[in-house]
Structure formats: C-alpha cells, structure tokens
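Novice: Sharing a model prediction with you, sequence too.
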Amino acid sequence: KDTIIFIHIEKTGGTTFRKILDDIERKGLAKFKKDVDFPVSIISPPTNNKYITIIRNPIDTVYSYYNQQLINETQPYTNAAKNGLITLLKKSPRCRNNFCQYYSGFINENVDERIFNLAYENLKNFYAIIDFDNFENGIKKFCSQLNYRIVNISGENKSNYVRKKQIMI
C-alpha cells in the first residue's frame, strides 16, 4: 500500500526517472516498485495502489524505439529495424499499443475497446502522470509532492529524434 509503483513504458524518459526514484528511496522519502516491463496489476488496480507513469505521444515513442534499435546492436529488434520502420512495426510487440496494454494490465492481448477503456479508467486513478513533452516540470512537480528537491535532470537513454511540427497550409 505504501509503495509507489512506476509503470515504465520504454522511450518515455523512464531510465532517467528511475535514477531519480532511486535517490528519493535512498533518502527514505518513499518506496517504489520500478521494474522494467511491469504493467498495472489486474488484482491490485490503481484504485488500491499508487501508480505513476510517464506519457508520451505513441508515434514519437515508436520512432524513438526504432532509432534505438538502429543505433544499439545489442537491442532485440536491430535486424528488423535495419530492414525499415515497417518491418520493425510488424515484428516488435513494443510497437503495438504498448501504453494501453501496460495501463490495462493485459500486455499480451490485442487492444480492443474493452482494453482501451480499462487503460483509460486506470489512468484516471494514477497517483501521478508525467507528460514527456513537459518532462522537467512534471518531474519537479512529482518530486515536490514527496518533499524532494531535485537538482539535475539529465537524459540517460536519449536519442537524437526530434518531432517535426506539422505545418498547416
């Protein structure tokens, strides 16, 4: 009950955030469950626990993941990425509704309306949701809730991908 559970979706700043959570824990300000690939628990939903997450535009998340696969030869889908984004989208389950799967707790199922709605309802009960597009301010706000003064936020797994703004004509 007292542990705050971090739902970490890849390429959302989670590695950087976990280092901050480690420091908060070392100072005794809170306890966290922060394993990678840890979805919302079906038997222990956000109405019964404190969940936190970082939300990012799914297109940006997938494209960042694609770049990570291309850059780092040790990644599981490097070969698929080298054959193009379309091939990666077909091969990697990480590119298919990852947010809905993790926030619903049904990580191995195709997302349908039921799973989407469950994820949406679960998110309404999260203790904190940090917006990737406002990462630094979101982290600072979360840390202030725990009386933790953050000094430095540095990206750990940052790729060079920058979203291009669409120009309306």
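Specialist: Done, it's in.

Novice: Of all the residues in stretch 131-147, which ones are buried?
Specialist: Neighbour counts over stretch 131-147 (16 or more other C-beta atoms under 10 Å) mark Phe132, Phe135, Gly138, Ile139, Phe142, Cys143 as buried. For glycine as for every other residue, the C-beta is placed from the backbone atoms N, C-alpha and C.

Novice: nope, stretch 7-21 is what I was after
Specialist: 7-14, 16-18, 20-21.

Novice: Please enumerate the strands of the protein.
Specialist: Along the chain, counting by DSSP state E, strands occupy 3-7, 31-33, 50-55, 128-131.

Novice: Reformat these as a markdown table; add distance to Asp112.
Specialist: Formatted as a markdown table, the strands of the chain follow (distance: least, C-beta to C-beta, whole Å):
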| stretch | distance to Asp112 |
| --- | --- |
| strand 3-7 | 20 |
| strand 31-33 | 28 |
| strand 50-55 | 21 |
| strand 128-131 | 23 |
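
Novice: Let me have those strands in a markdown table, extended by distance to Pro39 and mean pLDDT.
Specialist: A markdown table is the format used below for the strands of the chain (distance: least, C-beta to C-beta, whole Å; pLDDT from 0 to 100):
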| stretch | distance to Pro39 | mean pLDDT |
| --- | --- | --- |
| strand 3-7 | 7 | 95 |
| strand 31-33 | 12 | 95 |
| strand 50-55 | 10 | 96 |
| strand 128-131 | 15 | 97 |
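
Novice: sorry, back to before: any idea which of the buried residues of stretch 7-21 is closest to Arg94?
Specialist: Glu10 (6.3 Å; C-beta to C-beta).

Novice: Kindly state the pLDDT recorded for that closest one?
Specialist: With respect to pLDDT, Glu10 scores 91.
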